[in-house]
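**Q** Quick one, what's the 3D model for this:
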Amino acid sequence: MDERTITEISEGLVGETPTWQVQMTDVAGRGHVHVFPQETLAWRAAEYGIDPTDTDTLLDIILHEPFLPDLSTPEAAAADPAARTGLNVTTLNTKGAKVEPVQLHNAPTTKAARDAHLLRINNVKQDHHVQVPAGKGVKDPRAAIRGKLIDPGRVAELAGYVDAMKRQARGEAARTTPRSRPAMNPVPTLPEATDA
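**A** Numbers count the residues shown, from 1 in each chain. All right, here's what the predicted structure looks like:
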């Protein structure tokens, strides 16, 4: 099992995008870093209907998402824990009807998307687990994130945008105008390495 313990969480910038930098150590003592935009917490709250004050759950999801399988292959879709519990949808494409696992873009409800995503996260923890340090008197590194509140109004704005994009993906009439699209930070890019 790949087990990692969070040692420190700090704020950073990639370009103009505020980020969280999560330092971790595995059982062999090797260091790992997971860097993500701070707004990812608000996006996950909006996408899956998770309480924006529950930063522990949001962070747990984000730190385990890199280990999720790509469900675009038939083998991965068949092995998907959400699909095995019946969280499937039938979609239509040019080749006819297709049954596929519930994902954010095709979920009939936010609850179905959340249930499927959390099943996948819990399943991935069997092989990859990110944890906080335990023990009496040990400082919880998540305090840095907990101290920065997520604006519920922003989460509601993002949730409306997510809902409009899901309706559009299903082929329903869902006009998204430039005014209805929330302002987003640009995707962070790392500066190119130089030989200087």
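**Q** Mind listing what's buried along the strand ranked longest in the chain?
**A** Longest strand of the chain, by residue count under DSSP state E: strand 2-14. Residues of strand 2-14 classed as buried by neighbour count (16 or more other C-beta atoms under 10 Å): 4-6, 9, 14. Just so you know, the C-beta spots here come from the backbone N, C-alpha and C atoms, and that holds for glycine as well.
**Q** Just name the shakiest helix or strand of this structure by mean pLDDT.
**A** strand 88-93 (a mean of 81; mean pLDDT, DSSP states H and E).
**Q** which residue is nearest the centroid of the protein?
**A** Closest residue to the average C-alpha location of the chain: I62 at 4.4 Å, with C-alpha atoms, centre = their mean.
**Q** List the contacts of that one.
**A** Counting by C-beta atoms under 8 Å, 6 or more residues apart in numbering, I62 makes contact with 34, 36, 40-41, 44.
**Q** what's the answer for A42, then?
**A** 52, 150-151, 154-155, 158.
**Q** where's A116, which helix or strand?
**A** Per DSSP states H and E, A116 falls inside helix 110-124.
**Q** again, but for M165
**A** Residue-wise, M165 maps onto helix 152-169 under DSSP H and E.
**Q** on contacts alone, who are the packing partners of that helix?
**A** Secondary-structure packing of helix 152-169 (3 or more C-beta pairs under 8 Å, 6 or more residues apart in numbering; DSSP states H and E): helix 40-48.
**Q** quick one on the thing from earlier: distance from the longest strand of the chain to the middle of the chain?
**A** 16 Å (C-alpha atoms, centre = their mean, to the nearest Å).
**Q** Next SSE downstream of that strand?
**A** With DSSP H and E, the next secondary element past strand 2-14 is strand 17-26.
**Q** chain center to that next one, what's the gap?
**A** 15 Å.
**Q** Stretch 132-145 too?
**A** That offset, for stretch 132-145, works out to 22 Å (C-alpha atoms, centre = their mean).
**Q** And the average pLDDT for it is what?
**A** When pLDDT is averaged over stretch 132-145, the result is 91.
**Q** ok, and what's touching that stretch?
**A** Contacts for stretch 132-145 (C-beta under 8 Å, 6+ apart): 5-11, 20, 23, 41, 55-56, 59.
**Q** for that stretch, how far is the first residue from the last?
**A** 13 Å (C-alpha to C-alpha, to the nearest Å).
**Q** Just the buried residues of it, please?
**A** Using 16+ other C-beta under 10 Å as the test for burial, stretch 132-145 gives 132, 141-142, 144-145.
**Q** Just send these back as TSV, with distance to E75 too.
**A** Shown next, in TSV, are the buried residues of stretch 132-145 (distance: C-beta to C-beta, whole Å):
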residue	distance to E75
V132	33
P141	37
R142	35
A144	39
I145	36
